[in-house]
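# Make a model of this:
(2 chains)
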Amino acid sequence: MNPFSYVPATDTSSAVALAAGGAKYLAGGTNLVDLMRQGIETPRELVDITRLPLADIEEQPGGGLRIGALVRNTRVATDERIRDRYPVLAQAILNGASPQLRNRATVGGNLMQRTRCGYFYDRHSACGKRDPGAGCAALDGFNRTHAILGTSESCVSVHPSDMCVALAALDAVVNIAGRDPVPLVDFHRLPGDTPHVETMLAPGELVTSIDLPPAQPGRSVYLKVRDRASYAFALVSVAAVVRMEAGRATRVRIALGGVAAKPWRAYEAEELLTGTSLDDELIHQAAGQALAGSRQRAHNAHNAFKAELARRLIRRALQGVRS
Amino acid sequence: MNLAARGFTLAGKALTRLARLLPDGRPDPLAHRRAELGRPTDRLDGRAKATGAVRYTAERQLPGLAYAVVVGSTIARGRVTAVHVPPAPGVLLVMTHENAPAMKRTPAYATMKGPLGAAAMSLPVLNTDEIFWYGQPIAVVVAESLEQARYAASLIHADYEPWPARLSMADGKPYTPAHAVLEEPVTRRGDVRTALGAATATVEAEYTTPLEHHNAMEPHATVAHWEGDRLTVHDTAQYPYGVKEMLAKKFSLAEENVRVLAPFIGGGFGGKTPAWPHVWLTVAAAKLSGRPVKLVLSRADVFAMTGGRAPTSSRVALGADATGRLTALEHHALAPCTTDEFAEAAVAASRHLYTCPNVHVAQQVVRLDRIQNAFFRGPGVAPGSFALESAMDELAWRLGLDPLELRLRNEPERDPMSGIRFTSRHLREAYALGAEAFGWSRRPPAPRATRDGRWLIGHGMAAAINPDAVLIAGVQLRLAADGTVTIRSSTNELGAGTSTAQSQATADRLGLPLDRIRFEQGDSDVARTRIPGASAATTTLASAIWSARDNLVRELLKLVRDTGSPLAGRSFEEVDTRAGGLFGPSGGQSYERILARAGVEAVEVTGKSALPYQTVKRGTYSYGAHFCEVRVDEETGEARVTRWVGAFDGGRIVNPKQATSQMRGGIIMGIGMALTEETLLDERTGLIVNRSLADYHLPTHADVPAIDIHFVDQPDPQTPLGAKGIGELGIVGVAAAIANAVYHATGERVRSLPITPDKLM
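Numbers count the residues shown, from 1 in each chain, chains lettered A, B, ... in the order given. Presented below is the predicted three-dimensional model:
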């Protein structure tokens, strides 16, 4: 870990002013501190934002909820309003990390967490996220847990969050200090030629809260497949939110985790299913559609199974929520 | 085969031949006469551990202590041409190959070339510019604080002249090593190929297990402290006496000037049996810096700078006649090794589990540029039994025979390869106990026959076997005037409950209640003790304590000589230790009274373990049978273990509570081996990619079902306490039982571990 200075911030505007000079925000620290220990993040200055007044879950006019960026993951998952109105979010959070980490980690930090790719975590391996233009050791290395959608030759890493997959399916919106809100699905960026640019935040910008639009009647589910029963990142996960009216799906949201550098919305599959009775054949077709763009390297695709796993998981999720 | 290795082989064979001529030993009366033994006593150090009173190595504080961090190489083979050391605050020393003191090369412990001393490898780490594996220490930074040492280490970088590295099993030519762990590498009897041709049913398949790391909760740590030419080392060593010998040789010190202290270890599993280079580098850094130095490996360093269980590949061929009797058994195993040959002897179980007229087992190795392999709970036996016990299951299906029945039909009366008798073998009883508790007979006969919603349910079983060894130990016994007894030993408390078990054994040996016994461990200076692991602590220490008890009796008889005691004039054979004292045909006296009458404060004696020729003369193994239920989600490929019954023959059980925990621990480790654990070593570079507990998947509580443990609990007539080693037994066979249950659930046979979802989709 490099030497750094530490400044606690007392209000949002002073935090943003402090960070303008290149400081990193410190909240739960469950990812940033790990990365500093590995020498992957080397900030000269940390601005501790845990005292900012961003730790509440508030009712919004019109029926939505605003979740402050500093609300701990556990609190979100156990909040009665979240459990009643957005159960898919509570499920997703409880499927992630461990109780200790969830107690510590914040909503903003969950959004901002970086990939767990083993080569990203090793300073001596080629990684375009750490060293723009350096290439990607995972392309021909251990890539069993890596992305199959939206990849590029410079990066095949995945965004590790469970929470964000549910937020994507809920049409959540990210509030940022001093600028217009951004839909969660636009918040994270695909790697392209700039894998080091992971979100649309400019340096020093601060996420203040996440808005959940008013809950829609209907059913939802979060399904996650992982290598062990607890404390493992998703191989593939699916959040599905469906509203059925008179036997027809009037609203369908499908988001995938573990397949891309961002929570992945399956828009074409949603469109295909909207207005239908979600019969098996259509679900099958939609699941295929969702993965139509998936890519694996021909000669070293440890992650080739993910496309079929995602299709199966989408089918299971939709069959579960349609009734 | 080099000369030294040949020498050991010949000596071993001669000893075996000689031992067969000797009479059987006297059975230990404590196999039957038990008061404290056999009780499910809570571990005596449990409270101290749970409340943080026990100090582990990494917690040692010394005046003037400095902190060390190791920098590892980032190539697998080649030369360091320059080490760049940018200035950093608080740094006291940066030790590289250019300024490290000369450390004598000592042979690698596990290779049999150097059975004494505990060095994990013979390589001259930091006394050469040559690089032998990725992560090899190239510099040790010593600083005033741990943070300063870490920061300085993060700035250090090296230039290399890289050489081609052999990192994949395909990079080398397989050959037969001089030694495989425990036994000779090749055994052949009869004609396997002809027998396979004539067999009614055959199986021929290849099974693989991956590189794995122990991941003991406590990382490796060393604290070294010089006073002139006297060296004191606190270390996480499983084998303190071996570390003492090794350090004395490396630094040209008299052995009595080196003391190694390792009373409490936070788990070892074989990973702390040999000393890895950081141990002697810490000692060198303390010497060079003139300060006491503490080094605690980070979790990532543990992956890079200590060895793991070698990956194995096993080709197994089995043949049976129509009645289910084995007619052919072939097991050819391949594992990597380094310059120091350490062959993970994956064929061991295939020699001793089943009777078969035609057998060919052979262990080969490929020399690679990786770190030396380590012992790992059930070395060789655990990965090899995955192959054998999976193949037995496949054979049972081909024969249309219950897999348990197939095993019963091939249960040997004598040790199959040597024809010598067993000291005891109660595997049939273990099968029966386990099958009954599990309800094995109610298992649906066909695969894919049971479903619960999205889960397919299967049942599987496998046998377990592990060689039992009584090794060498010495103890000191002190009987105080108040009738309390202190036993001191160089062996340590790994977490398995050795100190509690030995306190129970001492209590019964002397006829005292448990609360009068104190067991102190982990000081290399107590006595020469060679228990590096091998599930041998319980019986070996019990043997040494038995001998100490005999010496105590002799001393007490001297004390009572002229005291008018009813014991006066009695011979050693006439008296017994029981009921809190010494008793003869015409009465006895309490220990307190004997000492009071003689006017002495205490009596101190030593004891040495007996030469274990009984177990050389005959085959001594511990046995077990695993039965499990596994659920597989057919669509996602997730496999979850939902029920477990293990039944074991570990001789007489010393402490059923601890023994049960020990078996559960082995089974949980086996569940990890079966379903989740794999060290990902990038064969392009040698880098281990998943070197953290988030990425290396040990089983979590959610992966572990209720585990029901049963013991046959029959004494072995030839071993101390009638007990047999059980530390490693629990893991053996677990992976095969799970793979067999997965097959029963799904009809899919997975022959490569771990059985991850992608292999079952």
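# alpha carbons only for contacts and neighbour counts from here, please
Fine.
# Which pLDDT value goes with B:Arg530?
At B:Arg530, the model reports a pLDDT of 83.
# Wait, it touches B:Tyr241, no?
Yes: the pair B:Arg530 and B:Tyr241 qualifies as a contact (CA atoms under 8 Å) at a distance of 6.9 Å.
# Those two: which has the busier surroundings?
B:Tyr241 (30 against 22; other CA atoms under 10 Å in any protein chain shown).
# immediately after the host helix or strand of the more buried one, which helix or strand?
For B:Tyr241, the host element (DSSP states H and E) is helix B:240-250. For helix B:240-250, the following helix or strand on the C-terminal side (DSSP H and E) is strand B:258-261.
# Can you check which helix is longest in chain B?
Across chain B, the longest stretch assigned as helix under DSSP state H is helix B:537-559.
# Need the pLDDT of the closest residue to chain B within the stretch 1-150 of chain A.
Across the stretch 1-150 of chain A, no residue is closer to chain B than A:Gly118, which sits at 5.1 Å (CA to the nearest CA). pLDDT for A:Gly118: 97.
# Same question for the one 3 residues further on.
Reported pLDDT at A:Tyr121 in the predicted model: 96.
# Assign a three-state SS to it, would you?
Assigned by DSSP: H, G, I helix; E, B strand; the rest coil, the conformation of A:Tyr121 is coil.
# Quick one: residues contacting it.
A:Leu35, A:Gln38, A:Ile40 (CA atoms under 8 Å, 6 or more residues apart in numbering or on different chains).
# now, which of those residues lie close to chain B?
Residues of the contacts of A:Tyr121 in contact with chain B (CA under 8 Å from any CA of the partner chain): none.
# wait, which of the residues you listed is closest to A:Ala166?
A:Ala166 lies nearest to A:Leu35 out of these, by CA to CA, at 25.3 Å.
# Wasn't the closest one part of a helix?
Yes: membership of A:Leu35 in a helix is supported by three-state DSSP.
# thinking it is in contact with A:Pro43, fair?
No: with contact defined as CA under 8 Å, A:Leu35 does not reach A:Pro43; the gap is 10.4 Å.
# can you list the residues of chain A near chain B?
Residues of chain A lying near chain B (CA under 8 Å from any CA): A:1-3, A:39, A:118-119, A:122, A:124, A:141-142, A:225-232, A:305, A:309, A:312-313.
# Keeping just the C-alphas, turn the longest helix seen in chain A into PDB.
Counting by DSSP H, the longest helix found in chain A is helix A:305-321. This file holds the C-alpha atoms of helix A:305-321, laid out as PDB (Å, rounded to 0.1, in the frame of the first residue of the first chain):
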ATOM      1  CA  PHE A 305     -20.700 -22.700 -21.100                       C
ATOM      2  CA  LYS A 306     -21.900 -19.300 -19.900                       C
ATOM      3  CA  ALA A 307     -24.100 -18.600 -23.000                       C
ATOM      4  CA  GLU A 308     -26.100 -21.900 -22.600                       C
ATOM      5  CA  LEU A 309     -26.200 -21.400 -18.800                       C
ATOM      6  CA  ALA A 310     -27.600 -17.900 -19.300                       C
ATOM      7  CA  ARG A 311     -30.200 -19.200 -21.700                       C
ATOM      8  CA  ARG A 312     -31.300 -21.800 -19.300                       C
ATOM      9  CA  LEU A 313     -31.400 -19.400 -16.400                       C
ATOM     10  CA  ILE A 314     -33.500 -16.900 -18.400                       C
ATOM     11  CA  ARG A 315     -36.000 -19.600 -19.200                       C
ATOM     12  CA  ARG A 316     -36.200 -20.700 -15.600                       C
ATOM     13  CA  ALA A 317     -36.600 -17.200 -14.400                       C
ATOM     14  CA  LEU A 318     -39.400 -16.300 -16.800                       C
ATOM     15  CA  GLN A 319     -41.200 -19.600 -16.300                       C
ATOM     16  CA  GLY A 320     -41.100 -18.800 -12.600                       C
ATOM     17  CA  VAL A 321     -42.600 -15.300 -12.800                       C
END
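# For it, give the mean pLDDT please.
For helix A:305-321, the mean pLDDT works out to 97.
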